[in-house]
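1. Pasting the sequence and the predicted coordinates here, then a few questions.
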Amino acid sequence: AVFGENSGLSFASPARGKVIHTFGERVSLPDTGKSYINQGIDIETRENAPFFAAASGVVAEIIEHEIYGGSLWLDHGDGIFSFYGRCGNIEVKKGEKVRSGQKLGMVNTPAEGHPILHFQIWMDDKPVDPLERITQAGQEGEERGV
């Protein structure tokens, strides 16, 4: 299933790093005894790593999420959204238009552990596997690519 077949929209990787949790995987929250089913992917990256818009759109919301902390939603139109969680520094504002590959901010670096960007793609109010939607187009440059 190629994403571009039904929407004309393709996604680039939002950060450079290693995918450590995949879509549908049960993820345990440290020190809480709680877990959840991952609705996206988790990308372990380096300290002070930037993250990027995976596709062009408009910043729909910037929120403080109970699990992911500083987070933002991009609206790509046609009921398609992307979600970025565990953001340390967000450099865009609600309502701002962004282009694919534009730097949105920096991944949060926790006091313990590694910086991890949480990334989701939603279509028609349902999460979809980002790894099936990310294309290799637009992956040039040392800062890009899962």
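-> Great, that's in hand. Numbers count the residues shown, from 1 in each chain.
2. Identify the residues contacting the residue lying closest to residue 87 once chain neighbours are set aside.
-> With sequence-adjacent residues excluded and distances taken as Cβ to Cβ, 6 or more residues apart in numbering, residue 87 is closest to residue 70, at 4.2 Å. All C-beta spots, glycine's among them, are computed from the backbone N, C-alpha and C. When the contact criterion is Cβ atoms under 8 Å, 6 or more residues apart in numbering, the partners of residue 70 are 62, 64, 85-90, 108.
3. Could you give the bridge partners of the spatially most central residue of the chain?
-> Centre of the chain computed as the mean C-alpha position; nearest residue by Cα atoms, centre = their mean is residue 119, 2.5 Å away. Each beta-bridge partner of residue 119 is listed here, defined by DSSP bridges: residue 41, residue 84.
4. Now for it: which residues touch it?
-> Neighbour list for residue 119: 14-15, 40-43, 54, 82-85, 130 [criterion: Cβ under 8 Å, 6+ apart].
5. So which of those residues wins on neighbours?
-> For those, counting by other Cβ atoms under 10 Å, the largest number of neighbours falls to residue 14: 31 neighbours.
6. quick one on the thing from earlier: Serialize the contacts of residue 119 to a markdown table and add fields for pLDDT and distance to residue 94.
-> Putting those into a markdown table (pLDDT from 0 to 100; distance: Cβ to Cβ, whole Å) gives the following:
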| residue | pLDDT | distance to residue 94 |
| --- | --- | --- |
| 14 | 97 | 19 |
| 15 | 96 | 21 |
| 40 | 97 | 21 |
| 41 | 97 | 24 |
| 42 | 95 | 25 |
| 43 | 96 | 24 |
| 54 | 97 | 18 |
| 82 | 98 | 15 |
| 83 | 98 | 14 |
| 84 | 98 | 14 |
| 85 | 97 | 16 |
| 130 | 96 | 23 |
